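Novice: Okay, here's the prediction I keep looking at, along with the sequence it came from:
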Amino acid sequence: MNPANPVIVQGDGKVLLETKHPLFDRARDFLARFAELEASPDLLHTYKIDALSLWNAASAGMTLTEIVDGLRALSKFDIPQDVLRRIEDTVGRYGLVRLERHPDDPRQFLRVEFETRYIEKTVLKTQAGSELVQADGKRHHMLAVGHRGIFKQRLLLENWPVADNAGFVEGAPLQLSLRQTMRSGKTFGLRHYQIEAVDRWFLGGAPQGGHGVVVLPCGAGKTVVALEAMARTKTHTLVVCNNQSAVTQWIREILDKTTLTEAQVGEYTGQSKEIKPVTVATYQVLTYRRAKNADYEHLHLFRDHDWGLLVYDEVHLLPAPVFGATAELQGTRRLGLTATLVREDGREGDVFSLVGPKRYDLPWQLLEDQGFVAEAKCFEIRVPLSAKDRVRYENASEMEKFRLASENPRKVDIVQDLVDRHAEDNILVIGTYLGQLETISRKLGAPLITGKTPQGERDRLFGQFRRGELTRLVVSKVANFAIDLPDANVAIQISGSFGSRQEEAQRLGRILRPKERDACFYTVVTADTKEQQFAVKRQLFLTEQGYRYHIEDRAAK
Amino acid sequence: MSDESELMPPQGTDGDPSRKRKRRRRRRKRRDEGGGPPPETVRASAPPSGGNKGRRQVLEVSGGAPAVPPASGRNPHRKRSSRARRGRPGAVTARRRRLTRVEMEDLADWLGALPETLLASLYRGLGGQPKRVPDAERMIQLAVRAIAQGSRLGALLRQLHERDRKALAALLQSGGVAHADELYRTLVLAYGGHEREWKKSLSVLAERGVVMASPRQDDHFFYIVPDPLVDGLIEALEDELALPTFDHDDVRIIEHKPFSPPLDFSITTLATYFAQHNVRLTQRHDVYRHDKEELDAFFSQLWEADGELFNFHLDFLMMHGMVELRGDHLSLNRDVMEEWLQLEPEDQRDLIFRALDRRFDMAEWVLWAVHGTQGSWVAERPLVAVYRHWKKGKDWRQRYQSGAYAPQRSGERDSFTFSALVQCGLLELGQWGQEKFYRLTPRALALLEPPEDDGFRQFYLTPDFKMMAPAGLAPILLYRMGEIADLTACDRANTFVITEQSIEAALEAGWKRDDVLQFLRENSQLGLPDNVEQTLKGWIGHRGDVEFHDLTLITVHRSQIRRLEGHKRLKPFILHRFAPGMYAVDRTKIDEVEAALVECGFSPAKEVRKYPGAAEAVEARQNLHRYLAEAREAARDPMSRQAGLVEPSALHAVPGVRTPSGGGQRSEPDLPPKLDTQEVRALIDRALARDELLDMVYLAKNGQRIGCSVQPQRLAFKGDSPVLVGLDLTDNERRTFVLERIERLRLGGGAP
C-alpha cells in the first residue's frame, strides 16, 4: 500500500485517478492506453478497464507486463486479484486467432491462424467457427473474404478478439496532398497530435494498420485527421457523415485544404447523387428505403466503386445497416472519427470488430491546456415561472409539465440579457420548440434556422455567420451535429431533449473551436420544475466531462 | 571476602562490557521507538519446523520479538495515549530500571516473609553463600540488592542447561503457576523428552531458588515462580521466549486476499449499508437469500459469500447493539452507532478485541505474538505450543486459586488451530512443504498498531456529486458521509452519491444546511465544488433554519449557577445548557425536577412563567408596542437626526470663550474602610462564620484597584500567601484574593 500514489484500482475494474497529483500526467497517459475515460470531473478522473479497452491496447502493442507493472507502480492499494486475472485473460486473448493473407488465393480466401491446437478446437466448435471457417488442406483453415467482418464480429461476442493482419485492397489510386496554404489564403499545417493520430492509424501502411478509430474532442480537427489519412493512402475515398450540413462542410474542407478540385469531389445525398474519386455521403441516404421491408436503395454505393478508404464521421452514430455494409468491406481501409466512443446502443464491440480498434485518444483537457480547443465555461441560469404559469404548470399533466417549463416566457428576457452581456460575441441560441425559437428570433432580430429552412438558405446563413456578417443565430436541433461555426463562442440553450447527454455534448461542441475569446455555454432552465430535474442530469454529464459548471439562481434573486 | 564481593558475577559472563553495551543500545533503541519498551516476554522456544531437512540450509530462521504473556492481564504493546486504564507501556520501563526505594522495601518485605530455606536457596542461586551471612536480615538485604541489579538473574540463568531454561520459559508462559505433573506432560508435548527429565530440570530450577512450590495435596502441587523475579527472568530468557521466524520465497499463501481494510472501516461501511438498505431476516434469524445475495455482491471486495469475516462484522454490530432486529429486518441503532463512533479509537479497538476474543480465546495475544516477528512467518507448531501454555496457565491459575490440585488429563493434547483468525482476515496462512505458517494481514497490523497518519484524512468530492472514501478514512467521517449520501459501492475507495433523496434523509436525521455544506467543505480534499454547493442549497432551501424545541426552560439566578451546575443530584435532569443560568429540562419531569431542586436547597418559584401570559396582558403589550412604534415614528424629528453622532466626552470648549466654573463638588464614593492584613483576616473569618458577603477594594496584579462584592467560601494558601477563595458576585466567578492585596474591606450583609 502506498497512499502517496495517485491511482486507486477498484474491484470492478474502475480506476480512480487524482488529477492534482504530481504524477497525474504520467498516470493519465498511461491509463489512456488501455482504459476508457468514463468521467473526468475536476478532482478525480474515472477510467474503466474493460475487455474492449484492453483489446484496443493489445492491438496497439501493449503487453500484459507493461499494464500490470504500470498499475502497480501508480496504485495506492494492491491491485484486486480479479482485476489482475481479468486483465491477464483478456490481453492474452487478443491475437490468439489471426486473419492472414491467403498465400494461394488471396482474392477469394483468408487464412485463419490459431495460436494453439486447443484454441483451434475451441474456436471451431463455436457457431461462427463451424459455420464460416473451412478446412484448407490438412493443417490450415481458411475463410471466405466476404465473411471477414462477420467472422470478427461474431468471434468477439465469444470473447475471441481477432487480430486482422490480412491487409487491404489498395482501391483506385488518387493523387492528392495537403496544401501549405489554404484556398482561403491562410497558411495550413497539421498539429502534432493530428500527425500522431494518423501515424497510429496507418502504421506505415502495415497490414495491422489502416483500420481503426481516432477519438478527439469536438473542435480538435478530426476532419483534418481524415484529410491526412486520405493524403497518405492516396486512393478513392468515401466519407460518410451525419447530415447535409456536415456534407457541405466536409466538401468545403476537402477543397480548402487538399489539392483536389471540385471535379474530383462529389456529394451523395438526398439532393445530389454524384460518385467521384472522393464522395461525401450521409448515413440517412445510405440507409434510405421506401418501405420498412424494402431494400436499402443506396447501400450499393459501398460496393459499386473501387474505394480504397472509408471514413466514418461521428462513428458512434453509425447505423445498423451501415455496420452490415461495413462487415462486407473489410478489405478496405477504414477510419472512424468520434469525440466519444460511447454508443447509446452499446454497440462499441461492433465498432471495434468492423471499423477497427481505437487507435488514438486524447483528453480534451490536454488540448485545452495547449490552446487547441477553447476553454469553455458552463452556466445554468434558473428562472422562475410567473405566478400564472406556475398555476398552469401545477395543474398540467406530467407529460405537459416539461414542455411548459421549457417554454417559460420569462426565458426570453434572460436570453435578451445574455445577448446584451455578450454584445461583442458570436452567439448561437439553440432550442427545441419552434414557437419559442420564433419568439426569440423576433425579439433578437436574428435569423432562425430550423428543419424547414431550405438547405440553400441554411448554407447562406451559416456562411454569413462564419464571415462575421451575422453575430446572432437562432437554431433548432438541426444544428446539433457537425456544423462547423468556428467563430461561435457563446451558446445559449433554452430548451433541450430531457437532459440528453449526447445532445449536450454536441451543442457544447459548437463553441469549442479555438478562438481568442472564452467560450460560454448557457443553459436557461425554469426553477423548481421538471426541467430543473433534467438539468441535474446535464450538469452531471458536463461535470463528469470536467467542465466547470456554475449555477445562477435568478429565482432566488 | 565481603558480602558484596560474594555477589559479583563471574567474569566473562554478565560482566562482559560488550554485552552491557549491547543491552544498553537495545534499551535505548526501544525507548526511541515511541516509549514502547520491550514487552514482558514469554517466548516460544520451539525450534523452527522446516520439515525438509535437505533444504534447511536455505532457510532464514531467526528469533522474533517476544510474545506477550497473557498472565499479567496487561498488554504493554497497546498504545494508549490518553488513559491509563490498562497499564501503559511505561509500566514495563519501570521494571527495567533499578528498583525504587519503595519497591526495594516491598521486595525486602516479600523476602522477609519467605521461609528461610527458600530465601537461602534464592540467595545461593544469585551467587551468594548463605552460610557466610550472619543473619536472615542481612541475607534479605543482599538478595534485594542482587535482584535490583538485574544482571544477577541473567548470570544465574546463563549457568543453567538449555533444557532448564526451556522449562522455566514454559513456566513463565503459563503465567508463573503450573501444576507439576501436567507441566511435565506439557513440556514433553512442546519439546519432547521424558517427564522425568523435565522433573529434574524443574528441580534444578528450584535449587536455584527461581522456582518454588505450592503446598502439597495428595502428592500434587504447583510450581510457582516468585513474583518479584518474574520480570527479571523474562528479560533474561529473551531468546528462549522468542517465537522462531521463517522467511522463504516459496511459502505459498493460501487464499491470498490483497485487500484488507482496517476493521473499523469495514464495520462502519456495513453499518452504513444497514442504515440504507432493508435487510430482512427469516424466522431462523438468517438473512433472506435475496438480501444476502445483494449484500454479498455489494461487499464482494471485502469478504466471500458466507465468509467468517462477514459473520464477525455482523456479530460485532449486533452484540454491541449498533444493529438490531426491528420487525423482520435489521436496523441501525443510530444512537449506539453514534456512541461507538464518539469513543476514543482505543476504546473502539478494545471492543473489537473483545469481539475477537469471543470468537477465539486470547485472539489479541496471538496477534501480538505474531506481530512480534516483524512481518516474518511464524510456524504453526511453536505458536500452538505458546498458545497451549497460555491456555493451560489460565486453567492452572484458576485451579490453584480454587485449591483443585488433582491432575486433569483432558485437553492436554488439544490441537489448536488459528483458522478463525485466518477467516476473519487477521492472519495470513502460508504453507511450505507440510508446514503451516502464519503472519499478520494489513488489517491486523492496522488493528494492533493503527498508523498515526496513513495518508487518508479526507475524501474526494467531485462536481458530479460523487464522494470517494479511500479505505483507511476515519470511521466517523465515513459514517457521516453515509448520512448525507447513498453508499453505492464498497471497494478500495467506497463510493457515495449525493442525491436529493439522500439529502432529504439527512435533513430528517437532523442535519442542517450549513452543517452539510461545512462538512463537505472541510472534509473534501479540494473543498466544495461551486455547482454542488448551489445545487445542495437549492435542494435544502432554507428548511430547518428555524427549529421548534419541545422542552421546559428553567432559569437560575446568576449567584446559584455554579451551585446548580455542579450538583450531582441535578445534573441528570439538565438536558441542554443554552447559556449559563438557562437550561432545558424534560417537561414531563417538572415535578421531579422541582422536588430535586428543593432537596438540594434551591427555592424554585411556585408559578411557571407562561408565554404569552394572560390574553388581556398580551393585548395590552401589543398596544404598548403599537404606541411605541407610533412614538418612534413621531420622534423622527429632523432636528434630532444628528444626535448621537458625537460623543459628549469628545466635545471641548470653544477657544477664547470663558466657561463658568462647575458648581458643587462631586461626592466621594462610599468605599469600605482601609484595614491591615490582620484586620482583614479577622473580618473574613467573621464573614465566613456568619455566611455574610464582603465588600472590598482589591489591588489587582496589574496595579488596578477593583471594587467588588464577594461571597467568601474558604481561606487557603497560595504558596506562602494566605488567600481568600470566594465568588465574585460582580462577574459571578470564583476568584482567589491574596489577603495582602485587599486594601479595603467591610461586611456586606447576608449572602443571597
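Specialist: Cool, the structure landed. No experiment lies behind these values; they were computed from the predicted model shown.
Novice: which parts of stretch B:133-145 are buried?
Specialist: B:133, B:136, B:139-145 (16 or more other Cβ atoms under 10 Å in any protein chain shown). All C-beta spots, glycine's among them, are computed from the backbone N, C-alpha and C.
Novice: do the same with stretch B:380-392
Specialist: Result for stretch B:380-392 [16+ other Cβ under 10 Å]: buried residues B:380-392.
Novice: B:Pro130 contacts B:Ala120, correct?
Specialist: Yes - look at B:Pro130 against B:Ala120 with Cβ atoms under 8 Å: they come within range, at 4.0 Å.
Novice: Count the neighbours of B:Thr462 for me.
Specialist: By other Cβ atoms under 10 Å in any protein chain shown, 26 other residues sit near B:Thr462.
Novice: Tabulate the buried residues of stretch B:133-145 (CSV), appending pLDDT.
Specialist: What follows is these, written out as CSV (pLDDT from 0 to 100):
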residue, pLDDT
B:Val133, 81
B:Ala136, 83
B:Met139, 87
B:Ile140, 88
B:Gln141, 86
B:Leu142, 88
B:Ala143, 87
B:Val144, 86
B:Arg145, 84
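Novice: hang on, the earlier thing: and B:Pro130 and B:Ala120? Which one has more around it.
Specialist: More crowded of B:Pro130 and B:Ala120, by other Cβ under 10 Å: B:Ala120, with 20 against 17.
Novice: so who does the more buried one touch?
Specialist: By Cβ atoms under 8 Å, 6 or more residues apart in numbering or on different chains, the residues touching B:Ala120 are B:130, B:139, B:209.
Novice: And the next helix or strand past the worst-scoring helix or strand of chain B on mean pLDDT?
Specialist: Lowest on mean pLDDT, DSSP states H and E among the helices and strands of chain B sits helix B:90-96, with a mean of 30. For helix B:90-96, the following helix or strand on the C-terminal side (DSSP states H and E) is helix B:101-112.
Novice: quick one: buried residues of the very next helix or strand once past that next one?
Specialist: As assigned by DSSP H and E, the chain's next helix or strand after helix B:101-112 is helix B:116-125. By neighbour count on 16+ other Cβ under 10 Å, the buried set for helix B:116-125 is B:119-125.
Novice: circling back to that earlier point, same list as before, the buried residues of stretch B:133-145 that is, but in TSV and with secondary structure included.
Specialist: As requested, those are exported to TSV (DSSP: H, G, I helix; E, B strand; the rest coil):
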residue	secondary structure
B:Val133	coil
B:Ala136	helix
B:Met139	helix
B:Ile140	helix
B:Gln141	helix
B:Leu142	helix
B:Ala143	helix
B:Val144	helix
B:Arg145	helix
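Novice: Nearest to B:Ser331, out of those residues: which one, please.
Specialist: Using Cβ to Cβ, B:Val144 is the member of the buried residues of stretch B:133-145 that lies nearest B:Ser331, at 62.1 Å.
Novice: which ones are touching that closest one?
Specialist: Here B:Val144 is in contact with B:104, B:107-108, B:111 (Cβ under 8 Å, 6+ apart).
Novice: do that again at 6 Å, thanks
Specialist: B:104, B:107-108 (Cβ atoms under 6 Å, 6 or more residues apart in numbering or on different chains).
Novice: ok, now A:Arg179?
Specialist: Contacts of A:Arg179 (Cβ under 6 Å, 6+ apart): A:188, A:257.
Novice: how far away is it from A:Glu253?
Specialist: Using Cβ to Cβ, to the nearest Å, A:Arg179 is found at 11 Å from A:Glu253.
Novice: For chain B, what's its nearest residue on chain A.
Specialist: At 2.9 Å from chain B, A:Pro3 is the closest residue in chain A, using Cβ to the nearest Cβ.
Novice: before we move on, the earlier item: neighbour-wise, give me the winner out of the contacts of B:Val144.
Specialist: B:Leu107 (20 neighbours).
Novice: ok, that one touching B:Asp227?
Specialist: No - judged on Cβ atoms under 6 Å, B:Leu107 makes no contact with B:Asp227 at a distance of 9.8 Å.
Novice: Identify the bridge partners of the residue nearest the centre of chain A.
Specialist: The residue lying closest to the centre of chain A (Cα atoms, centre = their mean) is A:Thr338, at 2.0 Å. Here A:Thr338 sits in beta bridges with A:Val215, as judged by DSSP bridges.
Novice: Does it touch A:Val315 like I think?
Specialist: Yes - if you go by Cβ under 6 Å, A:Thr338 and A:Val315 touch, sitting 4.6 Å apart.
Novice: ok so, going back, looking at the buried residues of stretch B:380-392, which are in helices?
Specialist: Residues of the buried residues of stretch B:380-392 located in helices (DSSP state H): B:380-392.
Novice: What's the local residue count around B:Pro215?
Specialist: 8.
Novice: show me what contacts the residue lying closest to it once chain neighbours are set aside?
Specialist: Using Cβ to Cβ, 6 or more residues apart in numbering or on different chains and skipping the chain neighbours, the partner closest in space to B:Pro215 is B:Phe221 (6.9 Å). The contact partners of B:Phe221, by Cβ under 6 Å, 6+ apart, come to B:180, B:213-214.
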